[in-house]
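Engineer: quick check, what structure comes out for this input:
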Amino acid sequence: MSEDNKKYPRVGIGVMIQNEKGEMLLGLRQNSHGAGEWSFPGGHQDFGERIFETAKREVKEEVGLEVDEFELISVADEMRYIKTDGKHYLNIGVKGTYKGGEPKVMEPDKCKEWKWVSLDNLPDNLFEGTELVINNFKKGTIYNS
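Structural biologist: From the prediction side, this is the model:
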């Protein structure tokens, strides 16, 4: 394969936001890989953008919330969509501090709804990147191959 045709992983940032009850904010994806699956707010890291800048921007764009005081909680290889969509992501999970407010569907073409979900009552159809972040968070591990 020539250098011009070589594929590279992309960087995706997922943001775990927990409310005062410890519930996590999840959105139902649509019109993209992982459609019909629940995921954290997040998205692609832009060139020249730092991880926490991406997290803050994506949460504001997707949910309309101000979140800050980020910490790194997970790094994982998202591989589930290689065969179906030709996509491999380096998924970076961060946890942000929720300051209040109601989540809004800011990008209805990408997300059908947002809801708060207990860590003990997660939907079965989790987006792979979100599932990997939750697993690492539960284990207290940053990376698990």
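Engineer: what stretches of the protein score poorly on pLDDT?
Structural biologist: Within the chain, the set of residues satisfying pLDDT under 70 comprises 1-4.
Engineer: how about the helices in it?
Structural biologist: Taking DSSP state H as the criterion, the chain carries its helices at 51-63, 82-85, 128-139.
Engineer: now those helices as JSON lines including distance to E23 and mean neighbour count?
Structural biologist: C-beta coordinates here come from the backbone N, C-alpha and C atoms, glycine included. Formatted as JSON lines, these follow (distance: least, CB to CB, whole Å; neighbours: other CB atoms under 10 Å):
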{"stretch": "helix 51-63", "distance to E23": "14", "mean neighbour count": "20"}
{"stretch": "helix 82-85", "distance to E23": "29", "mean neighbour count": "10"}
{"stretch": "helix 128-139", "distance to E23": "13", "mean neighbour count": "20"}
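Engineer: pull the longest strand from this structure.
Structural biologist: In the chain, taking DSSP state E as the definition, the longest strand is strand 67-78.
Engineer: tell me the helices and strands packed up against that strand.
Structural biologist: strand 10-17, helix 51-63, strand 89-98, helix 128-139 (3 or more CB pairs under 8 Å, 6 or more residues apart in numbering; DSSP states H and E).
Engineer: to M79, which of these lies closest?
Structural biologist: Evaluated over those, closeness to M79 peaks at helix 128-139, with 7.6 Å, by CB to CB.
Engineer: give the bridge partners for V15, please.
Structural biologist: V94 (DSSP bridges).
Engineer: my read: it touches P41, true?
Structural biologist: Yes. At 5.2 Å, V15 counts as touching P41 under the criterion of CB atoms under 8 Å.
Engineer: and the end-to-end length of stretch 34-49?
Structural biologist: End-to-end distance for stretch 34-49: 24 Å, by CA to CA, to the nearest Å.
Engineer: which residues sit against that stretch?
Structural biologist: Residues outside stretch 34-49 that contact it (CB atoms under 8 Å, 6 or more residues apart in numbering): 10-17, 24-30, 51, 54-55, 57-59, 61-63, 81, 92-93, 117, 122-123, 125-130, 133.
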